[in-house]
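Visitor: pasting the sequence and the predicted model now:
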Amino acid sequence: ETGVTQSPTHLIKTRGQQVTLRCSSQSGHNTVSWYQQALGQGPQFIFQYYREEENGRGNFPPRFSGLQFPNYSSELNVNALELDDSALYLCASSSSLASNEQFFGPGTRLTVL
Amino acid sequence: RKEVEQDPGPFNVPEGATVAFNCTYSNSASQSFFWYRQDCRKEPKLLMSVYSSGNEDGRFTAQLNRASQYISLLIRDSKLSDSATYLCVVNMETSYDKVIFGPGTSLSVIP
């Protein structure tokens, strides 16, 4: 069984640029959630995708957008990057909406200069 | 007030000690509760779910008090490998899994 994978592992961008982060969910999982974790804080929920549709969204501006593909992999896109977007971005998959356990990928560390 | 709050820490304890972490949540509609563990520069991993009746997994005991909106985690006989950040997690289970993480409490177990 393959776990959750994310790419890239590290990324450096400058203010105003756009970034795309990728996530492959665990085999058999159809639900993917994205989180932003700033240094010294807990993960903050960005949004969740279930069967290719956005199923819920946290308190993040529209420049944070996402996609889920038929194979349940997912992308997080961030436009017009700001310095405060520097964080660890975590993807988590679960087997269904009713599942209580989420399995996290190793994350992508984004630095915005 | 933050939706999920935890002891600020850090906790520095000797091997073999017993340590307890506390967590409070503000929304009484919260439905399920968890403790996650996060090692330095790694992803969070589920440690245990928290049930109203309390539950135990080896050296770890979790308790939930819905009336006080309070969750706890007790670690007995601390090991060096227990050093990590412990995240309290609350799931509101609305139309989607509204999962809220606390800020985490850092634990260092010292030889």
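Guide: Great, that's in hand.
Visitor: what pLDDT does residue B:96 get?
Guide: The predicted structure scores residue B:96 at 59 on the pLDDT scale.
Visitor: residue B:15 too?
Guide: Residue B:15 is assigned 97 on the pLDDT scale.
Visitor: isn't it right next to residue B:108, touching?
Guide: No - taking contacts as Cβ atoms under 8 Å, residue B:15 lies outside contact range of residue B:108: 11.0 Å. In this view, the C-beta of every residue, glycine as well, is placed from N, C-alpha and C.
Visitor: nearest to chain B: which residue in chain A?
Guide: residue A:56 (2.8 Å; Cβ to the nearest Cβ).
Visitor: can you name the residues bridging to the residue most central in space within chain A?
Guide: Centroid-nearest residue in chain A, with Cα atoms, centre = their mean: residue A:34, separated by 3.2 Å. Under the criterion DSSP bridges, residue A:34 forms beta bridges with residue A:47, residue A:91.
Visitor: what pLDDT does it get?
Guide: 96.
Visitor: show me the contact partners of whichever strand or helix holds residue B:12.
Guide: Residue B:12 is part of strand B:11-14 when elements are defined by DSSP states H and E. Strand B:11-14 has contacts (Cβ atoms under 8 Å, 6 or more residues apart in numbering or on different chains) with B:19, B:21, B:78, B:105-111.
Visitor: list the buried ones in it?
Guide: Residues of strand B:11-14 classed as buried by neighbour count (16 or more other Cβ atoms under 10 Å in any protein chain shown): B:11, B:13.
Visitor: alpha carbons of it, as PDB, please.
Guide: Coordinates of each C-alpha in strand B:11-14 appear next as PDB, following Å, rounded to 0.1, in the frame of the first residue of the first chain:
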ATOM      1  CA  PHE B  11       7.300  20.300  28.700                       C
ATOM      2  CA  ASN B  12      10.800  19.000  29.600                       C
ATOM      3  CA  VAL B  13      10.500  15.800  31.700                       C
ATOM      4  CA  PRO B  14      12.900  13.000  32.700                       C
END
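Visitor: right, and the helix or strand after that strand?
Guide: strand B:19-25.
Visitor: so what secondary structure elements neighbour that next one?
Guide: Where contact means 3 or more Cβ pairs under 8 Å, 6 or more residues apart in numbering or on different chains; DSSP states H and E, strand B:19-25 is packed against strand B:4-6, strand B:11-14, strand B:70-75, strand B:84-91, strand B:105-110.
Visitor: 10 Å instead?
Guide: strand B:4-6, strand B:11-14, strand B:32-38, strand B:60-65, strand B:70-75, strand B:84-91, strand B:105-110 (3 or more Cβ pairs under 10 Å, 6 or more residues apart in numbering or on different chains; DSSP states H and E).
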